[in-house]
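Asks: Provided below for reference: sequence and predicted model.
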Amino acid sequence: MNSNLNIVILAAGAGTRMKSALPKVLHKLAGKSMLSHVIETAKELLPSKMCVVIGHGGEHVKETIGDDEIIWVTQEEQKGTGHAVLQALPHLDETGSTLILYGDVPMIRTETLREIVQNGAGNHCVLLTTELADPHGYGRIIRNAESRGIESIVEQKDADETQRAIKEINTGIMLIPNQNLRHWLPNLKDNNKQEEYYLTDVIKMAVDGGIPVIASHPENNWEVYGVNSRGQLAELERIYQIEYANRLLADGVTLIDPSRIDIRGHLNCGIDVEIDVNCVFEGKVELGDGVKVKANCVLKDVTVLDGTVIEPFSYIVDSEIGKHCKIGPYARIRPETKLSDKVHIGNFVEVKKSSIATGSKVNHLSYIGDTEMGQNVNIGAGTITCNYDGAYKHKTVIEDNVFVGSDTQLVAPVKVSYGSTIGAGSTITKETPANELTLSRSKQVTLSGWKRPTKNK
């Protein structure tokens, strides 16, 4: 824990341009709320205290994040950034420094924040600035003409034409010594066009007090992009995905089209992994060596071991897939499924909460639920495990080397014993004997002279 560091995240804005009932900071980037991104990055710095200032939809924000380690502070009236930090002031340490972050600036990197903290050693103020080709909407950095030191920040609406031509902008992210923050915040004035208490005014207070203000800079401008509209959120989503794709490419992953992949969590890949277009990875996904994920697949919280091929349009959630399996196309594997090595799950097959042992195959149009399946089992097309009686789920056990004919219903709880063969079209309700053929069929009859109904003309 860094006992010298407090963090305050401002997350009280209404986000009216989002045109949404959802608080702005809860809108998602890469499958996770913008505020969650900022909190996770901030925690990497191990602060002694972290305050999140909430306002619009604050209770919903607090409940959604659900983090008991955070100090939640409410800004009842939206009177500017300085007023927001003032609400958190009673919770901050007497000594050390406070890093100010924003819940709608979700892509700030840990490395950038660490540099700010390092630059602030010795009770310096640190301001994160960068240059933009189009600085419209941002506060401009005013520097001394001779020393080039920072003198103040002028907001867009208060800037004159000369100041608006300045390209260096204030990102809003800053580090301020707590002893100064306690003195400066109560003395902020709202004598500006917005009639708000600007946090940026503390920079001029620092300069006037002879306290050094150090400029720090992000490696990438996208780190400090804020989100005020759905359009800006969509732009940031693409940036996030391209950056993630570039990291995968650098690690040796083959992406057929890096612009058509979405990672909404963490994707870890072995060597020689190949991913086709329009695949979505959610939560934590692990792909072993030589895994191939074909087009239009969705994987969420999944481990896939070496050499497995996932054919197009497959959907796999909260499952473990063994080595050299073949999944799909059009397969759905639901939570709590575990497939051993060399298992085949074919087209239009659904598997739920089941274990399937090495070498078994469910290749066509079947449902396997709440099932324990042994090795080298062959499940014929159209087979269904009838696991639900309307109130409770029941288990089906299929032992090794079983052959189940097409269009079979296995009514759970039921056991299909070792080596059994089930004749096509059977309904099995009792345990079958090992190494025997079991079937249940009506006698086939033909009704001579029967005529198919026709419509009256």
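Replies: Done, it's in.

Asks: now L128, nearest residue through space, not along the chain?
Replies: Nearest residue to L128 in three dimensions, chain neighbours excluded: I173, at 4.1 Å (C-beta to C-beta, 6 or more residues apart in numbering). In short, each C-beta sits where N, CA and C put it, glycine included.

Asks: assign the one you found to helix, strand or coil.
Replies: Following DSSP: H, G, I helix; E, B strand; the rest coil, I173 is assigned to strand.

Asks: how far away is it from L45?
Replies: To L45, I173 is 13 Å away according to C-beta to C-beta, to the nearest Å.

Asks: so these two - more neighbours on which side?
Replies: Applying other C-beta atoms under 10 Å to I173 and L45 shows that I173 carries more neighbours, namely 22 against 17.

Asks: got the contact list for that one?
Replies: L99, I100, L101, Y102, V105, I108, L113, I116, L127, L128, V224 (C-beta atoms under 8 Å, 6 or more residues apart in numbering).

Asks: adding neighbour count, distance to L185 and pLDDT, write those out as CSV.
Replies: Output for the contacts of I173, formatted as CSV (neighbours: other C-beta atoms under 10 Å; distance: C-beta to C-beta, whole Å; pLDDT from 0 to 100):
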residue, neighbour count, distance to L185, pLDDT
L99, 23, 15, 98
I100, 23, 11, 98
L101, 24, 17, 98
Y102, 23, 17, 98
V105, 22, 21, 97
I108, 24, 23, 98
L113, 24, 21, 98
I116, 22, 19, 97
L127, 25, 16, 96
L128, 25, 19, 97
V224, 24, 23, 96
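
Asks: give me the common contacts of I173 and L45.
Replies: Common contact partners of I173 and L45 (C-beta under 8 Å, 6+ apart): L99, L113.

Asks: about what we covered before: and the contacts of I173, which of them are in strands?
Replies: Members of the contacts of I173 lying in strands (criterion: DSSP state E): L99, I100, L101, Y102, L127, L128.

Asks: okay if I get those residues as a markdown table plus distance to N4?
Replies: Converted to a markdown table, the ones in strands among the contacts of I173 look like this (distance: C-beta to C-beta, whole Å):
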| residue | distance to N4 |
| --- | --- |
| L99 | 11 |
| I100 | 16 |
| L101 | 17 |
| Y102 | 22 |
| L127 | 19 |
| L128 | 19 |
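
Asks: which of those residues sits closest to V207?
Replies: Nearest to V207, judged by C-beta to C-beta, of these is L127 at 10.9 Å.

Asks: what's near enough to touch the closest one?
Replies: Residues near L127 by C-beta under 8 Å, 6+ apart: I141, I150, I153, N170, I173, M174, I203, V213, I214, A215, S216.

Asks: hey, what's it bridged with?
Replies: L127 forms beta bridges with M174, A215, as assigned by DSSP bridges.

Asks: do you know how far it is from S366?
Replies: 62 Å.

Asks: before we move on, what about Y225?
Replies: Between Y225 and S366 the computed distance is 48 Å (C-beta to C-beta).

Asks: higher neighbour count, the two?
Replies: Using other C-beta under 10 Å, the more surrounded residue of Y225 and S366 is S366, with 23 against 19.

Asks: from what I see, the more buried one and A381 are in contact.
Replies: Yes: using C-beta atoms under 8 Å, S366 is in contact with A381, at 6.7 Å.

Asks: which ones are touching N363?
Replies: Counting by C-beta under 8 Å, 6+ apart, N363 touches H344, I345, G346, N347, V349, I379, A381.

Asks: same question for G139.
Replies: By C-beta under 8 Å, 6+ apart, G139 lies in contact with I153, V154, E155, Q156, I169, N170, G172, T200.

Asks: 7 Å instead?
Replies: Applying C-beta atoms under 7 Å, 6 or more residues apart in numbering, we find G139 in contact with I153, V154, E155, Q156, I169, N170, T200.

Asks: in space, what's closest to the fifth one - neighbours in sequence excluded?
Replies: Excluding the flanking residues, the one nearest I169 by C-beta to C-beta, 6+ apart is Y138, at 3.7 Å.
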